[in-house]
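**Student:** any chance you could fold what I've pasted below:
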Amino acid sequence: MATIAPRALPVENRVTVIAHLVFQRPPKAMKRILLHPLFLLCLAICTAAIAIQQVNQTDREQVSLGAARSQLVLGATQDRVRAIRISVPGMSETIIAERSGAWFFQAPSVDRVHPAQVAGLLTQLTGLRVKAELSAEEIPTDAFSDDKTVVVEVSLGEPGSGADSWSRESIRFGLPAATEGDIYVETTDGRTALVQTGLRENLMQAQALLLDRRLLGPPVSSIVQMAITVGKDIVGAEGQMADVIVQRQIVPEQTAWQLVHPIAAWANQEAVEEFLSTLASMEATDITASDSAALTIPSPLPAGDAVLSIRTLGLEQPIQIYLKTKTEAQPLPAVEARASDRPGTFQLETNFIAQLPQLLAGFRDRSLGKLSLVDLSRITIQSRMDPPILMLAQRESDRIGWSVRLNNELERANVPAVQALVEGFNESQVIRFIDDPQNGLAVFGLEPPARRITFESQIPDPEAQGGLQSVTTVLNLGLTESDGTQRLFANFAGQTQVSELDPTFLSFVPSHPIKWKSLNVFSFAPSRLVEIEREVTGREVMNLRYDRRLDSWSAERDGLDATNFLDRGTLSGFRDRLSSLTATTWLLRQQGAFEALQKPTATIRITVLERDVALGQSAERSYTLRFAPTPSGRSYFCRIDDDPDLFTVSSDLYRDLTVPLTQSSGQ
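**Tutor:** As a prediction, the model looks like this:
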């Protein structure tokens, strides 16, 4: 086995290797070595060497860090900069300061600083490096003339600290040097150096470069309410009312935007967010001094003007933004804007005002509402002619089923139809809003309505922990017809606003209870099957017996044994389709169906074992299904035993139920 000589390793690893070699010895030999003076001396020397190396490494790192720091003009990091004062000859002083993470002008006037611009300035200042330090003999006499020197004073302190605890460092930017791109600078500690930077030119334009040109100051995420008014040269008793008001809640948790005016309704979330995004992206081409310090909004508001009143979280007073169209110049109109939280006048080129009516029209959510199928407990449907429909939700563990009342008894409801109704309610788009119908609701077929749908939901009660509260939504539907064109209108009970819908929405709301009955019309467990007798008119009579213990079949075809000719695969598919029979629709007009079923084209009699709860044992029970084609031939009438309710099945299902069950040699 190869060994590694301790001297071949770095000094910090030698003690470990020596100890490893020592402790591989037998116990007695190891004890002698550990107590030997020479070993103890070696151990002490190695330990001291490691300590000296670590100290030297630390010193080298500190020297390296110090050297790097000494190359920087400003001895501070960005996170410690609290304020910046910029003095440019012949111009008013510029002072900007950080407050709660945002930067603001303190001079020459109080205003907002653009966050991206101040971040760039901080990066340049704190990253400014010395190219070469200069002796007094190397500095030209005019390098720092008073009329051309730009002075930057930086206040340093910990985040959240008061101004009285700040320290200050300054940089004097002199004239450019003879070497291209270099400039003379002088620091607080008296160093004079050459640096390579274009920062001096930016500092001379600091007021213009740092000024936030965005019209909207607060972040979009902090806005809780907006009121938007478009000028119409109309004034009421208290001035022109806002065209649209939307609001939301941010704390304790954010809610969706809601319309407050002109009606109370859900807002179109995407439209509101897009509006805010557009507003947040608007920047002035120029900002000029205002004629007056206070923002004054004319009344009446002239056509072509607009006012936005914006409330943000944490501020008591709303921010008012007044937009005034100056000229309809192409390609974009010239717009002048004032904001109550800004001192200047913004000059913009934008078609924002011209687009406002269209943008505001999109604020209204064009869906009827938002229903949760999980929360629904009851649905009732009333019509002018048919019996009322009552459907009840039935919750079992994680499943939700529905039942419908038919002939004073509850039967399984068509769950997909209930789901389609809720989805139709949530997803159908309003074609047109009629907010103030002048001639009442009757002209829209809503007095009385053609349908009235009542949705009852159980939702968590915020005031009762673990409790539920009942919420009822009543939707009225009205039908009108003119020149052969049907139109569908809707309104919510207690409201005057009317919405026009696509007439196809009515297909989600059948008015007769039978239409809500489950389409799963017949089913049995294959393991409970006893016998099937099938007669296809004009072709054959098949008798099939099933032995569930052996999972085997025996068959007779027209009275002759056909067991050996059975097509097992086809027979299995036949049984599966029969054991879960699904209708396409229930019939309201049944006279033609009754007549057709007097001469069925196929009759299937199924015998199954069913458990008799009263007797506590299983007994055989038979069901007879009769089929006859509809006049179109695209589907088939069907009736189970003597049930008065008839239904149709698809031609595909009929084909599967009448398919030959024996191989060709047995036919």
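
**Student:** all helices of the stretch 1-150 of the chain, in order?
**Tutor:** Taking DSSP state H, counting those that start in this stretch to define them, one finds helices in the stretch 1-150 of the chain at 11-23, 27-35, 37-70, 115-126.

**Student:** meant to ask about the stretch 451-600 of the chain
**Tutor:** Using DSSP H, counting those that start in this stretch, helices in the stretch 451-600 of the chain cover 568-579, 591-597.

**Student:** counting contacts, what elements does the first one pack onto?
**Tutor:** When contacts are defined as 3 or more CB pairs under 8 Å, 6 or more residues apart in numbering; DSSP states H and E, helix 568-579 sits against strand 529-536, helix 651-657. C-beta coordinates here come from the backbone N, C-alpha and C atoms, glycine included.

**Student:** quick one: the ones you listed as TSV, columns for mean pLDDT and mean neighbour count too.
**Tutor:** Shown next, in TSV, are the helices and strands packed on helix 568-579 (pLDDT from 0 to 100; neighbours: other CB atoms under 10 Å):
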stretch	mean pLDDT	mean neighbour count
strand 529-536	96	18
helix 651-657	96	16
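
**Student:** between these, which one is closest to Trp586.
**Tutor:** Of all the helices and strands packed on helix 568-579, it is helix 651-657 that lies closest to Trp586, at 15.4 Å by CB to CB.

**Student:** chain center to the closest one: distance?
**Tutor:** 45 Å (CA atoms, centre = their mean, to the nearest Å).

**Student:** elements contacting that helix?
**Tutor:** With 3+ CB pairs under 8 Å, 6+ apart as the test, helix 651-657 has helix 568-579, strand 602-612, strand 635-640 packed against it.

**Student:** determine which of the ones you listed approaches Val530 most closely.
**Tutor:** Of all these, it is strand 602-612 that lies closest to Val530, at 4.4 Å by CB to CB.

**Student:** for Gln663, find the nearest of the helices of the stretch 451-600 of the chain.
**Tutor:** Gln663 lies closest to helix 568-579 among the helices of the stretch 451-600 of the chain, at 9.0 Å (CB to CB).

**Student:** and the angle from that closest one to strand 529-536?
**Tutor:** 100 degrees (axes from the mean of the first three to the mean of the last three CA atoms, to 10 degrees).

**Student:** what about Ile353, how many residues close to it?
**Tutor:** Ile353: 20 surrounding residues under other CB atoms under 10 Å.

**Student:** wait, doesn't it sit right on Leu323?
**Tutor:** Yes. The criterion here is CB atoms under 8 Å, and Ile353 meets it with Leu323 at 5.6 Å.

**Student:** any residues in contact with both of these two?
**Tutor:** Common neighbours of Ile353 and Leu323 (criterion: CB atoms under 8 Å, 6 or more residues apart in numbering): 305-306, 335.

**Student:** pick the one among those residues closest to Leu581.
**Tutor:** Distance to Leu581 across the shared contacts of Ile353 and Leu323 (CB to CB) is lowest for Ala306, with 63.6 Å.

**Student:** number of nearby residues for that closest one?
**Tutor:** The number of residues packed near Ala306 is 24, by other CB under 10 Å.

**Student:** for Pro331, same thing?
**Tutor:** Per other CB under 10 Å, the neighbour tally for Pro331 reads 6.

**Student:** same check on Val422?
**Tutor:** If we define neighbours as other CB under 10 Å, then Val422 has 17 of them.

**Student:** same question, Arg213
**Tutor:** Neighbour count of Arg213, defined by other CB under 10 Å: 18.

**Student:** wait, what's in contact with it?
**Tutor:** Counted by CB under 8 Å, 6+ apart, Arg213 has contacts 114, 283-284, 287, 346.

**Student:** still on that earlier bit, so which of the helices and strands packed on helix 568-579 comes closest to Ala614?
**Tutor:** Across the helices and strands packed on helix 568-579, Ala614 has its closest neighbour in strand 529-536 (20.5 Å, CB to CB).

**Student:** ok, residues contacting the closest one?
**Tutor:** Identification of contacts with strand 529-536 by CB under 8 Å, 6+ apart yields 541-546, 548, 575, 578-579, 601-609, 620, 657-658.

**Student:** just to revisit the earlier point, can you say which of the contacts of Arg213 are buried?
**Tutor:** 114, 284, 287, 346 (16 or more other CB atoms under 10 Å).

**Student:** now the closest residue to Gln196 other than its chain neighbours: how far from Pro629?
**Tutor:** Excluding the flanking residues, the one nearest Gln196 by CB to CB, 6 or more residues apart in numbering is Gly181, at 4.8 Å. Distance, Gly181 to Pro629, using CB to CB, to the nearest Å: 94 Å.

**Student:** so those two - more neighbours on which side?
**Tutor:** Neighbours were counted for Gly181 and for Pro629 using other CB under 10 Å; Pro629 has more, 15 against 12.

**Student:** so what's the nearest residue in space to the more buried one that is not next to it in sequence bridging to?
**Tutor:** Closest residue to Pro629 apart from its sequence neighbours, by CB to CB, 6+ apart: Tyr636 at 5.6 Å. Legend: beta-bridge partners of Tyr636 under DSSP bridges are Pro629, Val649.

**Student:** check Tyr636 and give its pLDDT.
**Tutor:** At Tyr636, the predicted lDDT confidence score is 97.

**Student:** how close does it get to Glu533?
**Tutor:** Taking CB to CB, one finds Tyr636 at 19 Å from Glu533.

**Student:** again, but for Ile245
**Tutor:** 72 Å.

**Student:** and for Thr77?
**Tutor:** Counting by CB to CB, the separation of Thr77 from Glu533 is 92 Å.
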